[in-house]
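Participant: show me the folded form of this:
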Amino acid sequence: MSYQLSAIIADAGLLHGATRGLDHAVLGDLRQDFALLPVTSQLVEELAGAPPDYAVEEHTPERPFTLVFSTALTETLVDWSRQGPVAYVEAEFTGGGGYQAAAVWLGGLRSWGPRFDSVFDGPRGQWPINAALVEVGVEPGSWVDLFAELGLHVERNTAGWLAHGRRGLGIDYWDELVEEWERRETTGSQRLGPGGFRFSGPR
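Facilitator: Modelled structure (predicted):
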């Protein structure tokens with residue numbers, strides 16, 4: 001099973017304000033009042049005024065991202081970060097192998113990163129995306145790590161996050177569907193039998 005992520009993560013209010021009026025900005029709500037902005041080629045072109053450039057060489061700590069940050073795109077994140085911390089995160093996994101990379105801007109500067117990892121032999125909390133989420137203020141909760149705490153596992157690629165955002169789904173949407181199904185199953189266990197009599201039992 002594959003996983004791909006290219007997104008900006010920040011306080012939901014910050015991102016809603018920063019992207020107001022943009023044609024290609026679609027926000028997905030996360031837990032703890034954070035939001036995710038999927039980074040598409042259309043969005044990059046709208047923000048930077050030119051089509052995006054993508055690295056073709058192998059990822060390294062010196063070249064951690066597939067997306068090449070132009071001056072204009074960097075200036076956008078710098079500008080947004082004056083209102084609060086803003087993280088750019090990338091991840092891609094296929095067949096058990098892959099990488100994570102992340103960086104954080106705050107107060108008009110890149111304040112953390114970029115960090116890159118393709119081995120994942122250190123503590124989970126030090127993996128690039130988890131570590132970046134600490135920098136933007138995500139708090140630990142009942143989930144295994146901050147990545148799951150925010151709900152970044154809910155969709156598996158950019159297309160999924162775009163659909164998620166356009167439909168206005170909550171991060172616990174799938175859990176809510178299961179709960180609704182279980183409620184209906186419980187209610188349906190008392191149903192009309194032959195002749196219109198109610199009875200209980202499995203279908």
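
Participant: wait, Ala102 sits on Pro128?
Facilitator: Yes. Ala102 sits in contact with Pro128 when judged by CB atoms under 8 Å, with a separation of 4.2 Å. Bear in mind the C-beta positions are built from the backbone N, C-alpha and C, glycine included.

Participant: how far off centre is stretch 1-21?
Facilitator: Relative to the centre of its chain, stretch 1-21 is centred 7 Å away, using CA atoms, centre = their mean, to the nearest Å.

Participant: any idea how far apart the tips of that stretch sit?
Facilitator: Here the two ends of stretch 1-21 are set 36 Å apart, with distance taken as CA to CA, to the nearest Å.

Participant: quick one: contacts for Gln4?
Facilitator: By CB atoms under 8 Å, 6 or more residues apart in numbering, Gln4 lies in contact with Ala91, Glu92, Phe93, Arg156, Asn157, Thr158.

Participant: identify the residues contacting the helix or strand where the third one lies?
Facilitator: With secondary structure defined by DSSP states H and E, Phe93 is part of strand 86-94. Contacts of strand 86-94 from elsewhere in the structure, counted by CB under 8 Å, 6+ apart, are 2-10, 14, 39, 64-67, 77, 80, 98-106, 128-129, 132-133, 135-136.

Participant: same check on stretch 136-147?
Facilitator: Residues beyond stretch 136-147 that count as contacts (CB under 8 Å, 6+ apart) turn out to be 9-11, 31-32, 34, 84-87, 104, 124-125, 127, 129-130, 133-134, 149-150, 153.

Participant: return the set of buried residues in that stretch.
Facilitator: Judged by neighbour count using 16 or more other CB atoms under 10 Å, the buried positions of stretch 136-147 are Val136, Val138, Asp145, Leu146, Phe147.
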